[in-house]
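> I'll drop the sequence and a predicted model, then ask my questions.
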Number of protein chains: 2
Amino acid sequence: MRYYPVPESSIQMPDVIKAVRMAFWDHGNGNFKMPPKSYVPLPGGDFRTMPSYLPSLKTAGVKVVNVHPDNRVQGLPTVMGTIILLDPPTGRPVAILNATGLTDLRTGAAAAVATSALAPVKQGTLGMIGAGRQARSGLLAIKEVFGIESVRVWSRSLKTSEHLVVEFPALDITVTSPGHAADSDVLLTTTPSIKPVVMNDWISDGTHINAIGADAPGKQELESILLKRAEVFVDDLEQAIHSGEINVPISSGLLCPDTIRGTLGEVLVGKIQRRSRETVTIFDSTGIAITDLAVASEAVKQGSFIELPFPTG
Amino acid sequence: MRYYPVPESSIQMPDVIKAVRMAFWDHGNGNFKMPPKSYVPLPGGDFRTMPSYLPSLKTAGVKVVNVHPDNRVQGLPTVMGTIILLDPPTGRPVAILNATGLTDLRTGAAAAVATSALAPVKQGTLGMIGAGRQARSGLLAIKEVFGIESVRVWSRSLKTSEHLVVEFPALDITVTSPGHAADSDVLLTTTPSIKPVVMNDWISDGTHINAIGADAPGKQELESILLKRAEVFVDDLEQAIHSGEINVPISSGLLCPDTIRGTLGEVLVGKIQRRSRETVTIFDSTGIAITDLAVASEAVKQGSFIELPFPTG
């Protein structure tokens, strides 16, 4: 059994995006096994367990990942992940990966795949609501598929926004108000908010929004009326209804599940497409296990590992 | 993060039994978090994901375990497991354990805990239907809590039964017919059968049966009429109805879930008890995540480990 301490260092963003796109393609074709993500509450946070199997990659496995919002106080990330990969025909564990960095990568890549599939333009302004780890990886991924002319960023913490400006000197990044950031061709929202931070009035027709932040019951970043106005695509319908951007308006009856257009995978395989260039599109991303599996499967091809004994006698 | 390649070598059976008993005690008091075990089908088998949290032990984690019945052909165990332990207040992964041996230990220990709680006698004959790894660990565990005067063993494979005779020279073990094995004070069934191998007529009043083998939908070791006759106790009601000894008769309408007496945990904390010395009692064991967690938590106290880097920058 192999252990990969920093698998994210062995995989480039274009390959992450390719792996994530293929996982969504399999999702669109129903060629996967993925029970619902399960949540266990802990003091100060929770942890999620995400098992799945991708026949096309001949790989199966589980990601275990926590969310503890106050971890930064003690110098730890909010989110830390571990992935176990299994050999499908025998069930033997073959690899364990530190999935903390990989989780950022695959989350960003999902936004890039959705942007290239749903945004009506191929270049323009990128707005960012939130400027943490998920925002950073989303920016890194989206710039691979979208011609970023300028970036408008707002975050509760001015310092975090300014970090982005310093980290990406080649990009034209402005720290601005949420309303100005939201008025962009492509918008990336990555806050852990439990009440809307993006108002319907701020959003122009034709905007594509990647709503990444909501990943647990009770979280919501976009005003409910914006979800009613837009064409909403999800990564996985069951997960999105339970814990995605749509979970609050659906559970309060403001949004009917029937109005959800479908999944990103269905868009990729050509089963559905956006209705017009003028509609607002929203990709409701909860994070699905098969994208972790696909990225892990790619990362172990080149990554440095420690060989571990796994006696079974 | 620490990796424990052979954690079972650092823990003695009496301590395993103690840890498993405490986990059932917490279960009986509702002092645990444990979403349903989830199953992912694979070619030639499946894998199960078992997350849980035990506040009393200040530990949380996930066991990932496969079941591939034909693995022996290629020299691998049918069942191989891995456990990830997390630090509850931060969600940080603190240990990974090879849980292949631990799974055997905790499965045997659950049968011992049930035997000491439910069998009306403290010594007598032990019958065994099945003679594989689970049978061996069940025997090792039961002899810690029950005065074994003689053992009657039957298995489809004569060779496996004879292995037990050789391995335990201090015990009076007879290889016999299933009917003779079943006519014992305590019976341990550990086959992967999908049709009953133990008939109602073979079982005397006052017998306590540990039904271990059925752990997936469609599996059944005991004749349905025996389940109707007996007082049935389960490890976890939801899991047992889904995949335990009672799953087939319940799904076919032969057994009503209301007739299940309750859980082993409820027996331990004194909420329920067997009705009389003359009834047949059955412990329907599916294997619950909190027992894995409790045993892993005990094993890491003394076990040898490899320190692994887990960078989160």
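On my side now, so go ahead.
> Next, A:Ala296: phi, psi?
Here is the backbone geometry of A:Ala296 (degrees, to the nearest 10): phi -60, psi -40.
> For it, grab the count of nearby residues.
Neighbourhood size, A:Ala296 [other Cβ atoms under 10 Å in any protein chain shown]: 28. Using the backbone N, CA and C atoms, a C-beta is placed for each residue, glycine as well.
> Is it in contact with A:Ile96, as I believe?
No. Assessed by Cβ atoms under 8 Å, A:Ala296 is found out of contact with A:Ile96, at 9.9 Å.
> any residues in contact with both of the two?
A:83, A:85 (Cβ atoms under 8 Å, 6 or more residues apart in numbering or on different chains).
> buried sites along stretch A:172-184?
A:173, A:175-176, A:178, A:180-184 (16 or more other Cβ atoms under 10 Å in any protein chain shown).
> Now do the helices in chain A.
Taking DSSP state H as the test, the helices found in chain A are A:13-28, A:100-118, A:133-145, A:158-167, A:178-182, A:224-229, A:237-243, A:247-251, A:264-268, A:289-302.
> average pLDDT for the third one?
Think helix A:133-145. The pLDDT scores in helix A:133-145 average 97.
> Touching it from outside, list them.
Contacts of helix A:133-145 (Cβ under 8 Å, 6+ apart): A:13-14, A:16-17, A:77-79, A:104-105, A:107-109, A:111-113, A:115-116, A:126, A:128, A:148, A:151, A:153, A:155, A:164, A:167-168, A:171, A:186, A:188, A:190, A:210, A:212-213.
> With the first one instead?
Contact partners of helix A:13-28, identified using Cβ under 8 Å, 6+ apart, comprise A:32, A:54-57, A:105-106, A:108-110, A:112-113, A:140-141, A:144-145, A:235-236, A:263-269, A:271, A:288, A:290-291, A:293-295, A:297-298.
> Using neighbour counts, pick out the buried residues of it.
Here helix A:13-28 shows A:13, A:15-28 as buried, counting by 16+ other Cβ under 10 Å.
> With the second one instead?
Of the residues in helix A:100-118, those buried under the neighbour-count criterion (16+ other Cβ under 10 Å) are A:100-118.
> if I look at the residue nearest to A:Lys122 when sequence neighbours are not counted, how far off is chain B?
What sits nearest to A:Lys122 in space, not counting adjacent residues and going by Cβ to Cβ, 6 or more residues apart in numbering or on different chains, is A:Gly147, at 6.0 Å. With the distance defined as Cβ to the nearest Cβ, to the nearest Å, A:Gly147 ends up 30 Å from chain B.
> With A:Leu254 instead?
28 Å.
> Is there a neighbour count for the nearest residue to A:Gly101 once chain neighbours are set aside? I'd like the number.
Computed as Cβ to Cβ, 6+ apart, the closest residue to A:Gly101 that is not its neighbour in sequence is A:Glu8, at 3.3 Å. Look at A:Glu8: counted by other Cβ under 10 Å, it has 22 neighbours.
> which residues touch A:Glu8?
A:101-102, A:104-105, A:299.
> For those residues, which two are the farthest from each other?
Greatest spacing in the contacts of A:Glu8, by Cβ to Cβ: A:Asp104 and A:Ala299 (12.7 Å).
> Any idea how far apart the tips of stretch A:83-93 sit?
Stretch A:83-93 has an end-to-end distance of 11 Å (Cα to Cα, to the nearest Å).
> no wait, stretch A:109-129
Stretch A:109-129 end-to-end distance (Cα to Cα) = 17 Å.
> so how far is chain B from A:Pro257?
Distance from A:Pro257 to chain B, by Cβ to the nearest Cβ: 23 Å.
> which one is A:Ser52 nearest to, not counting chain neighbours?
A:Ala289 (3.8 Å).
> what number of residues lie near the one you found?
29.
> ok, it - contacts?
A:34, A:37, A:50-52, A:62-63.
> Just give me the least confident of those.
For these, the pLDDT minimum is A:Lys37, 93.
> Now the stretch 101-250 of chain A against chain B: closest residue?
A:Gly101 (8.1 Å; Cβ to the nearest Cβ).
> In terms of pLDDT, where does that residue sit?
96.
> Same question for A:Phe310.
pLDDT, A:Phe310: 97.
> Can you tell me how far it is from B:Thr100?
For A:Phe310, the distance to B:Thr100 equals 8 Å [Cβ to Cβ, to the nearest Å].
> Mutual contacts of the two, please.
With Cβ under 8 Å, 6+ apart as the test, A:Phe310 and B:Thr100 both reach B:Met80.
> OK, now which residue of the stretch 201-313 of chain A is nearest to chain B?
Closest point on the stretch 201-313 of chain A to chain B, by Cβ to the nearest Cβ, is A:Pro309, at 4.4 Å.
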